[in-house]
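> give me coordinates for this.
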Amino acid sequence: MSLSVSEQTKVVVVGLGYVGLPLTLAFDEHFLCTGFDTNAGRVEGLQRGVDFNHEVPSEVVQRSSAVFTDDPACIRDADLVVVTVPTPITEDYEPDLSLLESASKIIGSQLKDRSEGKNPAVVVFESTTYPGCTEDFCGPIIEQESGLVSGEGFYLGYSPERTNFGDQDHSLENVIKIISGQNAEAEQFIFDAYSKIAVMGLHRAESIRVAESAKVIENIQRDLNIALFNELSMIFDKMDIDSSAVFDAAATKWNFHRYRPGLVGGHCIPVDPYYLTHAAERVGHDSKVVLAGRSVNEGMPGMILEKIRLLAESEGCSVENSSLLFLGATFKPDITDMRNSKTFALFKMIASQNPNSCLIEPNVDPAELNEKVPYAITSDEAIDQTWDIVVVGVAHSNYPDELRDHVFGENSDTKLVVDVPGMVNKPGNLSSTYKYWRL
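The predicted structure is shown next:
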């Protein structure tokens with residue numbers, strides 16, 4: 001029997017997070033689509049039309065005909081199974097494949113009871129991982145649980161996710177998707193299915209390993225470039241030179257690529273390099289450049305804390321005893337996710353030395369925020385106080401104008417503003433008397 005795509009093709013997306021939910025909704029416009037997740041609370045929310053990640057509007061979820069379930073039986077007779085579970089790292093900076101392992105076991109256990117006469121299922125992984133993981137790690141687990149042979153009883157594929165949280169300009173509909181398959185028949189099936197949702201087009205990778213490798217180096221390149229600009233900013237700061245002015249000047253050259261220094265957090269850029277270095281170590285290669293970039297970026301919160309300390313002392317105050325307000329704790333602007341946030345890591349470093357430090361994070365649910373932060377306050381509460389030190393961690397667009405004027409305006413009583421993302425303004429345009437520093 002040959003694989004073919006039709007309106008009756010059954011698609012199951014495993015994992016309904018930032019990647020899986022938009023993918024489920026997109027596939028559902030063309031196929032019979034089910035979204036599966038082991039988190040019953042997540043599933044229950046989506047059944048009510050609520051995305052707790054606040055990435056997809058409720059009306060979009062509600063008008064979809066996709067089925068959301070925590071019952072793995074939905075996988076049993078699926079034609080296409082797409083895996084989008086997270087791939088974090090351990091405390092020792094090694095790949096944490098536990099969620100991939102669990103998903104593969106669930107898929108295998110369900111394919112074991114597949115209805116007689118059904119074509120082999122095609123299992124496509126979108127989770128970021130190291131070259132070889134799909135075929136050498138996930139495939140054998142599915143084989144063991146199902147009793148089927150990879151390449152005969154089921155087919156493998158890989159199509160790396162290219163989700164950029166909070167970025168409406170680079171959504172699923174606006175990016176080129178890479179696809180790959182275990183053999184020509186599986187690849188064509190994947191191509192035909194994904195061509196329905198990838199409006200900007202598809203790129204056929206030569207193999208699953210090529211597709212895995214392409215994904216992991218996309219974020220490594222960005223990590224290294226940010227690390228370079230972070231190190232340059234530290235060098236120029238010691239020389240009392242405005243690094244942003246240097247970068248602006250250099251960017252006038254046709255082949256200079258402008259990046260911004262900053263705190264590198266989230267689930268991709270600070271994680272993916274360790275997947276490649278893990279694979280490199282297994283083949284006897286010591287990844288010096290990749291890990292050097294990681295070292296620079298991991299050290300940035302500590303470097304910025306030391307700079308805050310020195311600046312505070314120059315203004316006659318201290319981190320430990322000042323009234324200190326910190327703005328933002330998510331890992332990038334205008335999202336709700338604090339997980340693996342280096343901005344939040346910086347705040348925790350400050351709070352360990354000044355337990356009365358206050359945090360404003362307008363995008364995180366207050367109940368969740370209060371579980372993590374003893375002194376989380378609202379903008380209105382911040383306006384009722386004066387602050388010796390204000391640290392801008394994340395450049396959210398929804399800080400109220402009244403708050404901005406209170407802490408940054410020309411009548412502000414603030415002594416020191418540390419503007420990590422450069423949100424406030426250029427130093428030469430500030431008319432207030434406080435000390436200002438940006439990364």
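> going forward, measure contacts and count neighbours with C-alpha atoms only.
Will do.
> how far away is Leu439 from Gly422?
Per C-alpha to C-alpha, to the nearest Å, Leu439 is found 7 Å from Gly422.
> quick one: list the elements packing against the lengthiest helix in the chain.
When the chain is parsed with DSSP state H, its longest helix is helix 208-238. If contacts are counted by 3 or more C-alpha pairs under 8 Å, 6 or more residues apart in numbering; DSSP states H and E, helix 208-238 sits against strand 154-158, strand 177-181, helix 243-250, helix 272-282, helix 288-298.
> any idea which residue sits dead centre in the chain?
The residue lying closest to the centre of the chain (C-alpha atoms, centre = their mean) is His267, at 3.9 Å.
> settle this for me: it is touching Lys342, isn't it.
No. Under the criterion of C-alpha atoms under 8 Å, His267 is not in contact with Lys342, lying 11.2 Å apart.
> for stretch 258-267, measure first residue to last.
Stretch 258-267 end-to-end distance (C-alpha to C-alpha) = 23 Å.
> pLDDT on that stretch, on average?
Stretch 258-267 carries an average pLDDT of 92.
> I would like the residues contacting it, please.
Outside stretch 258-267, the residues that touch it by C-alpha atoms under 8 Å, 6 or more residues apart in numbering are 88, 223, 225-227, 229-230, 233, 247-248, 251, 270, 297-298, 300-301, 331-332, 339-343, 420-421, 439.
> what residues sit buried inside it?
Tyr259, Arg260, Pro261, Gly262, Leu263, Val264, Gly265, Gly266, His267 (16 or more other C-alpha atoms under 10 Å).
> does the last one count as helix, strand or coil?
Under the three-state scheme (DSSP: H, G, I helix; E, B strand; the rest coil), His267 adopts coil.
> how near is it to Pro421?
On the measure of C-alpha to C-alpha, His267 and Pro421 end up 19 Å apart.
> next: the third one.
According to C-alpha to C-alpha, Pro261 and Pro421 sit 8 Å apart.
> same check on the fourth one?
The spacing between Gly262 and Pro421, counted by C-alpha to C-alpha, is 6 Å.
> joint contacts of the two?
Leu439.
> need the residues touching each of Pro261 and Pro421.
Leu439.
> what about the chain, any weak spots by pLDDT?
1, 164-171, 425-432 (pLDDT under 70).
> how is it divided into domains?
Using automatic domain parsing, the domains assigned to the chain come out as 10-206, 300-438.
> now these in JSON lines, with distance to Arg282 and mean neighbour count?
Listed next are the domains of the chain as JSON lines, based on distance: least, C-alpha to C-alpha, whole Å; neighbours: other C-alpha atoms under 10 Å:
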{"stretch": "domain 10-206", "distance to Arg282": "11", "mean neighbour count": "19"}
{"stretch": "domain 300-438", "distance to Arg282": "26", "mean neighbour count": "18"}
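> redo these as TSV? Include distance to Ser287.
As requested, the domains of the chain are exported to TSV (distance: least, C-alpha to C-alpha, whole Å):
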stretch	distance to Ser287
domain 10-206	14
domain 300-438	21
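> can you tell which of these is closest to Lys215?
domain 10-206 (5.9 Å; C-alpha to C-alpha).
> chain center to that closest one, what's the gap?
17 Å (C-alpha atoms, centre = their mean, to the nearest Å).
> equivalent analysis for stretch 266-281, please.
On C-alpha atoms, centre = their mean, the centre of stretch 266-281 falls 13 Å from that of its chain.
> what are the contacting residues of stretch 133-151?
Around stretch 133-151, the neighbours that count as contacts under C-alpha under 8 Å, 6+ apart are 100-101, 104-105, 107-113, 125, 154, 156-158, 182-183, 208.
> again, only using 6 Å
Ser104, Lys105, Gly108, Ser109, Leu111, Lys112 (C-alpha atoms under 6 Å, 6 or more residues apart in numbering).
> quick one: which of these sit in strands?
Counting by DSSP state E, the contacts of stretch 133-151 place none of their members in strands.
> possible to save those residues as a markdown table with distance to Val11?
What follows is the contacts of stretch 133-151, written out as a markdown table (distance: C-alpha to C-alpha, whole Å):
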| residue | distance to Val11 |
| --- | --- |
| Ser104 | 16 |
| Lys105 | 18 |
| Gly108 | 16 |
| Ser109 | 17 |
| Leu111 | 14 |
| Lys112 | 18 |
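> relative to Val319, which of the residues you listed is nearest.
Ser104 (48.7 Å).
> what sits against the closest one?
Neighbours of Ser104 in contact, by C-alpha under 6 Å, 6+ apart: Cys138, Ile142.
> and of the helices and strands packed on helix 208-238, who's closest to Asp96?
Among those, the nearest to Asp96 by C-alpha to C-alpha is helix 272-282 (9.2 Å).
> show me which positions of that closest one end up buried.
Asp272, Pro273, Tyr274, Tyr275, Leu276, Thr277, His278, Ala279.
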